[in-house]
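Undergrad: Could you look at this predicted model? Sequence included:
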Amino acid sequence: MDQNKVKSEEPKVLLTQGEDGKLKVITGEQGGKLKTVEPTKENADQFLKVDTNSNFLENFFKKMSAQFNHPSHTGVYAVGVSAVDKIAAFLDKLIRIDHTDKALGPYRLKFDGKVKIHIELTGKFQPLDLNKIDWKESEKLGLSGEKLQDALKAMVYGHKSPGLVDIKPTIDGNEFPMQARLSLEPQKDGSIKLVTHPKQEQPDFDKPFMGVAFSEQDKEQLQKTGHGARVFELEVNGEKIPSVISLDKLTNRLEAVSLSEINIPQTLKNAPLSPEQQQGLKEGKAVWVEGMDKKVKAGEEPQKIDRFVQFNAVNRNFDFKFSDEQRQQHKEQQQTKQAERQEKPLPKARKMDEVWVYSKQGCVQLSKEEFTKLCNKEPIFVEGMQSRPKQPQPDASGAQKVEATDQKGQKYNAWVWIDEDKGKVRHTSKHPDQIRAIEAKQAAKDSQKVTLAGESKTQVAVNNEGKTNEATKHSKEPLKQGQTQPTSKQIEKKEQKQQEQRQSPAAPKKSKGRKM
């Protein structure tokens with residue numbers, strides 16, 4: 001059996017959020033509570049290793065379903081034991097930004113009568129399973145899970161890393177530090193290979209590329225637009241393969257895609273494409289497309305845009321470019337916006353209802369967009385904040401109470417949001433929806449605490465505090481639990497006592513004597 005296939009079927013470990021909000025590895029349960037440890041190789045002996053199709057996992061979920069099903073819980077994730085530290089770092093970052101991110105789909109376990117891994121499809125690409133990567137190869141490049149956290153989100157969908165990554169490949173015992181883009185390449189045996197695309201100082205248009213020598217017009221097109229804008233007959237294993245070529249401006253390297261791998265849709269951003277437009281796009285040409293939907297923010301009116309569209313062989317997607325007239329108009333608009341920003345700097349603070357919202361949070365200056373969102377009562381995620389000792393100030397000055405997560409001056413990342421119920425801006429490691437769910441649950445528990453029953457108040461008032469009401473003022477006997485007035489027997493005793501007092505002769509008054 002193929003070794004890579006065996007590796008892809010290796011036992012899994014389960015990740016879930018610990019009390020600090022970070023992902024931890026489940027080691028078991030005790031007394032109905034989960035036991036967890038940090039996802040490090042040093043703790044590997046303690047990990048609970050499971051087969052995701054086994055009855056054990058189903059029974060485990062049934063037993064712990066109360067913990068896994070409450071609203072604030074972001075889920076349980078199954079990852080390969082050999083790369084748990086690297087994948088945990090990536091998943092942890094995704095969860096902190098958006099715990100509903102579809103890239104989490106291949107790892108999320110759900111209990112719906114039986115346990116299974118739900119793989120969510122998104123668009124053209126299905127997220128790649130990082131469990132199938134040979135992570136030992138990444139260590140040879142000097143790469144850690146922390147370095148790959150940002151890059152992996154794009155890479156799991158078949159794209160290259162968004163930016164350059166520092167790598168240190170070792171050749172003959174010597175390190176060669178360099179920068180490169182990375183990508184994940186599925187192999188025929190089901191495994192996934194980590195591919196490097198090293199940066200070079202300048203593009204080399206004079207050197208033949210896969211058997212093709214560029215004309216002066218080709219060189220001009222590539223330098224100006226980054227695209228060859230025509231079909232090239234490239235040599236691959238002795239065959240001529242019709243392909244399009246683009247320049248990766250980050251690495252200064254040429255990339256090619258064969259025409260057989262390019263799928264042009266019939267509509268682009270809800271704008272229908274004619275057969276001529278589709279053919280032009282497939283041949284690498286820039287095609288003018290009108291009436292496409294513009295991506296707008298929540299609450300904004302839908303808009304249509306017209307752009308030049310061109311297939312990019314580097315990211316295997318489309319570039320949307322302005323016409324010369326649009327470019328000049330866009331430049332003027334940007335200059336106007338920049339002038340407005342310079343004229344109207346962000347206010348130091350703005351009062352929203354009864355809460356003062358500062359444009360600087362945790363010593364980090366918010367952007368105009370972030371400040372606007374926060375003032376609109378939308379949560380924002382801010383990185384690199386630093387807590388300061390609280391200095392009491394009068395409320396009139398606009399002082400706000402902050403829920404700091406680090407009192408030792410260390411930088412921290414947190415959700416920043418307006419808590420209207422508490423009348424303050426809060427910094428929390430968990431999303432506000434999770435915080436509200438947790439606090440609602442705690443409030444429900446508090447409301448169930450034993451309080452003095454209403455029917456016992458009279459009893460306590462009479463017996464403990466010596467108080468009386470009209471019904472009890474002549475009674476000398478203590479009331480029982482729940483009793484608010486004397487019993488018939490107590491009333492009979494009270495009346496008998498009053499009658500005895502009326503029938504008994506009055507005591508003679510003591511003579512004071514007479515002064516002589």
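TA: Sure, I can see it.
Undergrad: any idea which helix or strand comes after the longest helix that the chain contains?
TA: With secondary structure taken from DSSP state H, the chain has its longest helix at helix 324-343. Following helix 324-343 in sequence order, the next helix or strand is strand 349-352 (DSSP states H and E).
Undergrad: Whatever helix or strand comes next after that next one packs against which elements?
TA: Counting by DSSP H and E, the next helix or strand C-terminal to strand 349-352 is strand 355-358. Strand 355-358 sits against strand 349-352, helix 368-375, strand 424-428, with contacts defined as 3 or more C-beta pairs under 8 Å, 6 or more residues apart in numbering; DSSP states H and E. No exception for glycine: its C-beta is placed from N, CA and C like everyone else's.
Undergrad: The last one pairs with which strands?
TA: Strand partners for strand 424-428, identified by DSSP bridges, are recorded as strand 411-419 (antiparallel).
Undergrad: buried stuff in the partner strand?
TA: Tyr412, Asn413, Ala414, Trp415, Val416, Trp417, Ile418, Asp419 (16 or more other C-beta atoms under 10 Å).
Undergrad: now swap in stretch 349-365 and tell me
TA: Ala349, Arg350, Val355, Trp356, Val357, Tyr358, Ser359, Gln361, Gly362.
Undergrad: How far does it sit from its chain's centre?
TA: 23 Å (C-alpha atoms, centre = their mean, to the nearest Å).
Undergrad: Endpoint to endpoint, that stretch covers what distance?
TA: 12 Å (C-alpha to C-alpha, to the nearest Å).
Undergrad: Quick one: mean pLDDT over it.
TA: Average pLDDT, stretch 349-365: 90.
Undergrad: Kindly report the same for stretch 425-445.
TA: Mean predicted confidence for stretch 425-445 is 90.
Undergrad: Stretch 180-193 too?
TA: Mean predicted lDDT for stretch 180-193 stands at 83.
Undergrad: Keeping just the C-alphas, turn that stretch into PDB.
TA: The C-alpha trace of stretch 180-193 is given here as PDB (Å, rounded to 0.1, in the frame of the first residue of the first chain):
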ATOM      1  CA  ALA A 180       9.300  32.800  -2.200                       C
ATOM      2  CA  ARG A 181       5.600  32.400  -2.800                       C
ATOM      3  CA  LEU A 182       4.200  29.000  -1.700                       C
ATOM      4  CA  SER A 183       1.400  26.900  -3.100                       C
ATOM      5  CA  LEU A 184      -0.100  23.500  -2.400                       C
ATOM      6  CA  GLU A 185      -0.100  20.900  -5.200                       C
ATOM      7  CA  PRO A 186      -2.300  17.800  -5.000                       C
ATOM      8  CA  GLN A 187      -0.500  14.700  -6.100                       C
ATOM      9  CA  LYS A 188      -1.900  11.600  -7.900                       C
ATOM     10  CA  ASP A 189      -1.500   9.500  -4.800                       C
ATOM     11  CA  GLY A 190      -3.800  11.800  -2.800                       C
ATOM     12  CA  SER A 191      -1.000  13.600  -0.900                       C
ATOM     13  CA  ILE A 192      -0.300  17.300  -1.100                       C
ATOM     14  CA  LYS A 193       3.100  18.800  -2.000                       C
END
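Undergrad: And it, how far out from the chain middle?
TA: Worked out by C-alpha atoms, centre = their mean, stretch 180-193 lies 26 Å from the chain centre.
Undergrad: Same check on stretch 427-438?
TA: On C-alpha atoms, centre = their mean, the centre of stretch 427-438 falls 11 Å from that of its chain.
Undergrad: Checking the spatially closest residue to Pro302 that is not a sequence neighbour next. Helix, strand or coil?
TA: Leaving aside its chain neighbours, Pro302 sits nearest to Val296 (6.4 Å; criterion: C-beta to C-beta, 6 or more residues apart in numbering). Following DSSP: H, G, I helix; E, B strand; the rest coil, Val296 is assigned to coil.
Undergrad: Give me the buried positions along stretch 308-322.
TA: Residues of stretch 308-322 classed as buried under the neighbour-count rule (16+ other C-beta under 10 Å) are Phe308, Val309, Gln310, Phe311, Asn312, Ala313, Val314, Asn315, Arg316, Phe318, Asp319, Phe320.
Undergrad: Thanks a lot, catch you later.
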